[in-house]
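**Q** Show me how the following folds:
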Amino acid sequence: MTYQEKKSITTLISAVLIFASYCLYMYVQYPEEGLELEESFRYWGSFVLILTVVSIVAHIVISIIFNIIFRMTTGEKEPAFADELDKLIELKAHRNSFLLFVLGFLLAMGSLATDQPFTVMFVILIASGFLSDVTGSVTKLYHYRRGV
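**A** Alright, predicted model coming up:
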(Lines give C-alpha, C1' and ligand atoms only; values in the text may rest on other atoms or scores of the structure.)
Protein backbone atom coordinates (compact mmCIF):
# COMPACT_ATOMS: atom_id res chain seq x y z
CA MET A 1 0.00 0.00 0.00
CA THR A 2 1.24 3.46 -0.80
CA TYR A 3 1.58 6.33 1.65
CA GLN A 4 -1.47 8.05 0.17
CA GLU A 5 -3.65 4.94 0.54
CA LYS A 6 -2.61 4.46 4.15
CA LYS A 7 -3.23 8.14 4.85
CA SER A 8 -6.70 7.96 3.26
CA ILE A 9 -7.64 4.91 5.33
CA THR A 10 -6.37 6.60 8.49
CA THR A 11 -8.33 9.75 7.70
CA LEU A 12 -11.48 7.74 6.99
CA ILE A 13 -11.29 5.74 10.21
CA SER A 14 -10.44 8.79 12.30
CA ALA A 15 -13.33 10.79 10.81
CA VAL A 16 -15.79 8.04 11.69
CA LEU A 17 -14.41 7.60 15.21
CA ILE A 18 -14.27 11.34 15.94
CA PHE A 19 -17.80 11.92 14.69
CA ALA A 20 -19.29 8.88 16.44
CA SER A 21 -17.61 9.57 19.77
CA TYR A 22 -18.51 13.27 19.73
CA CYS A 23 -22.14 12.58 18.79
CA LEU A 24 -22.37 9.97 21.55
CA TYR A 25 -20.92 12.47 24.02
CA MET A 26 -23.37 15.19 22.97
CA TYR A 27 -26.28 12.75 22.98
CA VAL A 28 -25.58 12.03 26.63
CA GLN A 29 -25.47 15.80 27.29
CA TYR A 30 -28.84 16.43 25.61
CA PRO A 31 -31.43 17.31 28.26
CA GLU A 32 -34.39 14.97 28.50
CA GLU A 33 -37.01 17.64 29.04
CA GLY A 34 -37.96 20.06 26.32
CA LEU A 35 -35.71 23.04 25.75
CA GLU A 36 -36.82 26.57 25.15
CA LEU A 37 -36.15 27.86 21.65
CA GLU A 38 -33.14 29.97 22.66
CA GLU A 39 -31.55 27.15 24.66
CA SER A 40 -32.11 24.72 21.81
CA PHE A 41 -30.40 27.06 19.33
CA ARG A 42 -27.52 27.45 21.78
CA TYR A 43 -27.20 23.65 22.12
CA TRP A 44 -27.16 23.01 18.36
CA GLY A 45 -24.91 25.98 17.65
CA SER A 46 -22.37 24.81 20.21
CA PHE A 47 -22.71 21.26 18.86
CA VAL A 48 -21.66 22.37 15.36
CA LEU A 49 -18.97 24.78 16.53
CA ILE A 50 -17.33 22.40 18.99
CA LEU A 51 -17.55 19.49 16.53
CA THR A 52 -15.73 21.61 13.94
CA VAL A 53 -12.94 22.60 16.35
CA VAL A 54 -12.59 19.11 17.82
CA SER A 55 -12.52 17.55 14.36
CA ILE A 56 -9.83 19.92 13.06
CA VAL A 57 -7.61 19.50 16.11
CA ALA A 58 -8.06 15.72 16.15
CA HIS A 59 -7.26 15.43 12.43
CA ILE A 60 -4.06 17.45 12.92
CA VAL A 61 -2.97 15.33 15.89
CA ILE A 62 -3.82 12.08 14.09
CA SER A 63 -1.94 13.24 11.00
CA ILE A 64 1.17 13.97 13.08
CA ILE A 65 0.93 10.61 14.85
CA PHE A 66 0.39 8.85 11.53
CA ASN A 67 3.51 10.44 10.04
CA ILE A 68 5.59 9.49 13.09
CA ILE A 69 4.39 5.89 13.00
CA PHE A 70 4.81 5.71 9.22
CA ARG A 71 8.39 6.92 9.47
CA MET A 72 9.20 4.54 12.35
CA THR A 73 7.74 1.47 10.64
CA THR A 74 8.91 2.04 7.06
CA GLY A 75 11.92 4.29 7.50
CA GLU A 76 10.55 6.51 4.71
CA LYS A 77 9.65 10.17 4.92
CA GLU A 78 6.35 11.65 3.88
CA PRO A 79 6.46 12.51 0.17
CA ALA A 80 7.69 16.09 -0.07
CA PHE A 81 5.89 16.87 -3.33
CA ALA A 82 2.64 16.09 -5.07
CA ASP A 83 2.74 15.14 -8.72
CA GLU A 84 -0.04 15.66 -11.26
CA LEU A 85 -1.79 12.42 -10.28
CA ASP A 86 -1.88 13.43 -6.62
CA LYS A 87 -3.26 16.85 -7.50
CA LEU A 88 -5.90 15.37 -9.82
CA ILE A 89 -7.03 12.88 -7.18
CA GLU A 90 -7.13 15.65 -4.58
CA LEU A 91 -9.30 17.79 -6.90
CA LYS A 92 -11.72 14.93 -7.56
CA ALA A 93 -11.99 14.22 -3.83
CA HIS A 94 -12.67 17.89 -3.07
CA ARG A 95 -15.23 18.09 -5.87
CA ASN A 96 -17.16 15.07 -4.58
CA SER A 97 -16.91 16.26 -1.00
CA PHE A 98 -18.11 19.79 -1.77
CA LEU A 99 -20.91 18.51 -3.99
CA LEU A 100 -22.25 16.33 -1.21
CA PHE A 101 -22.03 19.13 1.34
CA VAL A 102 -23.79 21.61 -0.94
CA LEU A 103 -26.57 19.09 -1.60
CA GLY A 104 -26.89 18.56 2.15
CA PHE A 105 -26.99 22.31 2.71
CA LEU A 106 -29.74 22.70 0.12
CA LEU A 107 -31.65 19.82 1.67
CA ALA A 108 -31.30 21.46 5.10
CA MET A 109 -32.63 24.76 3.75
CA GLY A 110 -35.43 22.83 2.04
CA SER A 111 -36.37 21.32 5.37
CA LEU A 112 -36.84 24.82 6.75
CA ALA A 113 -38.88 25.83 3.72
CA THR A 114 -41.21 22.86 4.24
CA ASP A 115 -41.86 23.80 7.88
CA GLN A 116 -39.81 21.01 9.43
CA PRO A 117 -38.46 21.60 12.95
CA PHE A 118 -35.17 23.50 12.94
CA THR A 119 -33.48 20.52 14.63
CA VAL A 120 -33.97 18.63 11.35
CA MET A 121 -31.96 21.35 9.60
CA PHE A 122 -29.10 21.02 12.10
CA VAL A 123 -29.08 17.23 11.88
CA ILE A 124 -28.99 17.38 8.08
CA LEU A 125 -26.14 19.92 8.14
CA ILE A 126 -24.13 17.85 10.61
CA ALA A 127 -24.74 14.62 8.68
CA SER A 128 -23.85 16.21 5.35
CA GLY A 129 -20.62 17.58 6.83
CA PHE A 130 -19.70 14.13 8.10
CA LEU A 131 -20.67 12.40 4.86
CA SER A 132 -18.70 14.92 2.80
CA ASP A 133 -15.60 14.22 4.91
CA VAL A 134 -16.05 10.47 4.46
CA THR A 135 -16.74 10.90 0.73
CA GLY A 136 -13.50 12.82 0.27
CA SER A 137 -11.47 10.08 1.96
CA VAL A 138 -13.24 7.28 0.08
CA THR A 139 -12.75 9.09 -3.24
CA LYS A 140 -9.02 9.45 -2.59
CA LEU A 141 -8.71 5.81 -1.60
CA TYR A 142 -10.70 4.68 -4.64
CA HIS A 143 -8.63 6.70 -7.12
CA TYR A 144 -5.31 5.70 -5.58
CA ARG A 145 -6.38 2.06 -5.84
CA ARG A 146 -8.08 2.12 -9.25
CA GLY A 147 -6.49 5.08 -10.94
CA VAL A 148 -8.09 8.16 -12.42
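**Q** Give me the neighbour count for the residue nearest to Ile62 when sequence neighbours are not counted.
**A** Among residues not flanking Ile62 along the chain, Ser14 sits closest, at 4.6 Å (CB to CB, 6 or more residues apart in numbering). Glycine gets a C-beta too; all of them are placed from N, C-alpha and C. Ser14 has 20 neighbours, counted by other CB atoms under 10 Å.
**Q** Mind giving me the packing neighbours of the host helix or strand of Ser14?
**A** Remark: Ser14 resides in helix 3-29, with elements defined by DSSP states H and E. Contact analysis of helix 3-29 by 3 or more CB pairs under 8 Å, 6 or more residues apart in numbering; DSSP states H and E lists helix 37-74, helix 118-146 as its packing neighbours.
**Q** buried ones in it?
**A** Across helix 3-29, burial judged by 16 or more other CB atoms under 10 Å covers 3-4, 6-12, 14-15, 18-19, 22, 26.
**Q** so it versus helix 118-146, what angle?
**A** If you take axes from the mean of the first three to the mean of the last three CA atoms, to 10 degrees, helix 3-29 sits at 160 degrees to helix 118-146.
**Q** Now do helix 3-29: distance to the chain's middle.
**A** Mean-position distance between helix 3-29 and its chain equals 8 Å (CA atoms, centre = their mean, to the nearest Å).
**Q** rewinding a little: so which of the helices and strands packed on helix 3-29 is the most surrounded?
**A** helix 118-146 (a mean of 18; mean count of other CB atoms under 10 Å).
**Q** Now do the same contact list for the residue nearest to the spatial centre of the chain.
**A** A centroid search over the chain (CA atoms, centre = their mean) returns Asp133, at 3.2 Å, as the residue closest to the centre. For Asp133, the contacting residues are Ala15, Phe19, Ser55, Ser97, by CB atoms under 8 Å, 6 or more residues apart in numbering.
**Q** nearest spatial neighbour of the last one, skipping sequence neighbours?
**A** Put plainly, it is Ser97. Using CB to CB, 6+ apart and skipping the chain neighbours, the partner closest in space to Ser97 is Gly136 (3.7 Å).
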